[in-house]
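Chemist: Output the structure for:
(2 chains)
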Amino acid sequence: MAAEILLEVRNLETTLEGAKILPDLSFEVNEGEFLTILGPNGSGKSVLLRSLLGLIPHKGTVSWHKKPKIGYLPQGLNQMAVRDMPLTVGDFFRLKRVGHDTVIEYLDLVGLGPSTLKKNAGHLSGGEFQRMLIGWVLVSRPNVLFLDEPTTAIDAAGGETVYSLLRDFWEKQNLTILNVTHDLSIVYANSTHVLCLSRFGHRCYGVPKEILTPDILRDVYGSEMKFYTH
Amino acid sequence: MASQLVLSLISGVFISSSAAYLGTLMISRKMAVVAGPLGHLALPGAALALVYGFSISLGAFPFVVLGILLIWLLEIRTKLAMEALTAIVFATGVATAFLFLPIDKAEAALVGDISTVGFYETLASVMLGTAVVIAINRSYSQIMLISINEDVAKTEGINVRLFNLIYLSSIAVIVALGVYLVGGLMTAALVAIPAAAARNVSITLAQFGTTAGIFGAVSAIAGITCAMYTGLPAGPLVILASALIFLITVPFARV
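Modeler: The predicted model follows:
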């Protein structure tokens, strides 16, 4: 299948509190791509996602070649946000006004049984909550996913489960995924392309094998970066 | 006497239960305390009403609406947190009120005047209370999602400004009505206490809303009836009744 360009970003620049973030960033995302946006803290990864979503003002152009239906999981949508509320998993799905059967179907797809429906969302384990969120974002049937550090709050095994679920959905549902992370280990296994941002102005874009060389990573993360080849 | 009690009970129940239902959204958004300053903001209006002899709610309403509009516009313009803006606007309201509030008549403005409510005011309380419950019920999912994460709500296509306006208008109506029931000093309690008590005993969102409404209604009935037989002001008694309900629910809090 010849991939078509879905998203074209030209000369993007976002200014936050007087500081220029992402000056003059240009790249393209093809339909069906699993793009990992990699970089250290403060390199503007989350700002990039929010700029592309139109949530913060920016200069430059962000053009979608096809109208996307976007699902977004920001870092802020975590268990803390729902912790002290009488909000069951069922309630959380009903915020999107979806039917009972659909909710059961999507919980099943992320490996959670129907009994989860009545549990308080704030009382799930970290891994269960994150899987529930994956089901929750997919229940609106998006064709593009924006994920901001979807595995930060959970342990390594839980993180692997989340990525294997995402990979599964990505393959079966022809999703395009833009995933922000600073975790190098998941990049090889899961992405088709990598965009790296750094605080020092270095950028790179390409397929993981070409990009993830010690030299390039040192440029992105700074000289203190230690890199072990697999 | 009996028909006055019925009018007071009807208006009290409608005001208190609709305030409590709205309160479930306000405590989820950590905004319950905003109703307090807005109540204080009603004081200049209440003062005018007392000076010129018209209904306190009628006097309060334009001031609360003006306050909410100011907060809404200032929030868009300055990006300051809503609670900071509320503090600025409310202090202005209180300062203005004390310039010309007739202190000898101030009790009604400060602690409410539900014991003397008339037929048309009762009718207005029933209609406005019902309107708020319907508006909030229809936009509950959207407002709750905005409270949980505004960016996600925007990405899901929710018109955040529209729903914030519905939410803030409902607050304006409830605060203006609340001034009648409990006075300008205690409107925060009207939205916060029954909702907080309901949170202690609820598992689902539906239970949360319904229980808050019931707790609000029970507090109003208990407070107003007590006031009728003791001669004490109804407003503080309604609040104390809801505080008692809250205390009873504390051992059941699901943490």
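Chemist: ranges for the helices of chain A?
Modeler: A:45-52, A:89-94, A:100-109, A:126-138, A:156-173, A:185-190, A:208-211, A:214-221 (DSSP state H).
Chemist: Report how many residues lie close to the residue of the stretch 51-200 of chain B found nearest chain A.
Modeler: The nearest approach of the stretch 51-200 of chain B to chain A comes at B:T155, 4.1 Å away (C-beta to the nearest C-beta). Any C-beta I mention is one placed from the backbone N, CA and C, and that applies to glycine too. Residues lying near B:T155 (other C-beta atoms under 10 Å in any protein chain shown) number 23.
Chemist: what is the most centrally placed residue in chain A paired to in the beta sheet?
Modeler: Among the residues of chain A, the one closest to the centroid is A:L147, at 1.7 Å (C-alpha atoms, centre = their mean). Listed by DSSP bridges, the beta-bridge partners for A:L147 are A:L73, A:N179.
Chemist: Next one: it from chain B, what distance?
Modeler: 12 Å (C-beta to the nearest C-beta, to the nearest Å).
Chemist: What residues does chain A have near chain B?
Modeler: A:50, A:53, A:55, A:70-74, A:76-77, A:81-82, A:84-88, A:90-91, A:94-97, A:118, A:120, A:140, A:146 (C-beta under 8 Å from any C-beta of the partner chain).
Chemist: and of the helices of chain A, who's closest to B:R138?
Modeler: Smallest distance to B:R138 across the helices of chain A (C-beta to C-beta): 13.9 Å, for helix A:89-94.
Chemist: Emit the ChimeraX select command for whichever of the residues of chain A next to chain B are buried.
Modeler: Listed next is the ChimeraX selection for buried residues among the residues of chain A next to chain B, using 16 or more other C-beta atoms under 10 Å in any protein chain shown:
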select /A:50,53,55,70,71,72,73,74,77,81,82,85,86,87,88,90,91,94,95,120,140,146
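Chemist: so where is the chain shaky, pLDDT-wise?
Modeler: Since no chain was named, I'll use chain A. Along chain A, the parts satisfying pLDDT under 70 run over A:1-2, A:223-230.
Chemist: Chain B, not that one
Modeler: Counting by pLDDT under 70, chain B shows low-confidence ranges at B:1, B:105, B:255.
Chemist: Mind doing that once more with 50?
Modeler: For chain B, no stretch has pLDDT under 50.
Chemist: In it, what residue spans correspond to helices?
Modeler: Here chain B has its helices, by DSSP H, at B:2-28, B:35-41, B:43-52, B:56-78, B:82-100, B:107-111, B:119-148, B:150-155, B:160-182, B:187-201, B:205-230, B:234-249.
Chemist: Throw the ones you listed into a markdown table and include distance to A:V29, thanks.
Modeler: As requested, these are exported to a markdown table (distance: least, C-beta to C-beta, whole Å):
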| stretch | distance to A:V29 |
| --- | --- |
| helix B:2-28 | 36 |
| helix B:35-41 | 46 |
| helix B:43-52 | 55 |
| helix B:56-78 | 32 |
| helix B:82-100 | 36 |
| helix B:107-111 | 60 |
| helix B:119-148 | 27 |
| helix B:150-155 | 17 |
| helix B:160-182 | 26 |
| helix B:187-201 | 43 |
| helix B:205-230 | 37 |
| helix B:234-249 | 51 |
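Chemist: List just the one of those that sits closest to A:L212.
Modeler: helix B:150-155 (29.9 Å).
Chemist: one step back: what about the residues of chain A next to chain B, which are in strands?
Modeler: Residues of the residues of chain A next to chain B located in strands (DSSP state E): A:70-73, A:146.
Chemist: ok, and the closest non-adjacent residue to the residue of the stretch 51-200 of chain B closest to chain A?
Modeler: Sequence neighbours aside, A:Y72 is the residue nearest to B:T155 in space, at 4.1 Å (criterion: C-beta to C-beta, 6 or more residues apart in numbering or on different chains).
Chemist: I'd say that neighbour and A:P150 touch.
Modeler: No. Judged on C-beta atoms under 8 Å, A:Y72 makes no contact with A:P150 at a distance of 11.0 Å.
Chemist: residue contacts, the nearest residue to A:I211 once chain neighbours are set aside?
Modeler: In this structure, A:I211 finds its nearest non-sequential neighbour in A:V194, 4.7 Å apart by C-beta to C-beta, 6+ apart. Each residue near A:V194 by C-beta atoms under 8 Å, 6 or more residues apart in numbering or on different chains is listed here: A:35-38, A:187, A:204-208, A:211-212.
Chemist: Please repeat the previous calculation with a cut-off of 6 Å.
Modeler: For A:V194, the contacting residues are A:36, A:38, A:187, A:208, A:211, by C-beta atoms under 6 Å, 6 or more residues apart in numbering or on different chains.
Chemist: Before I go, just wanted to say thanks for your time.
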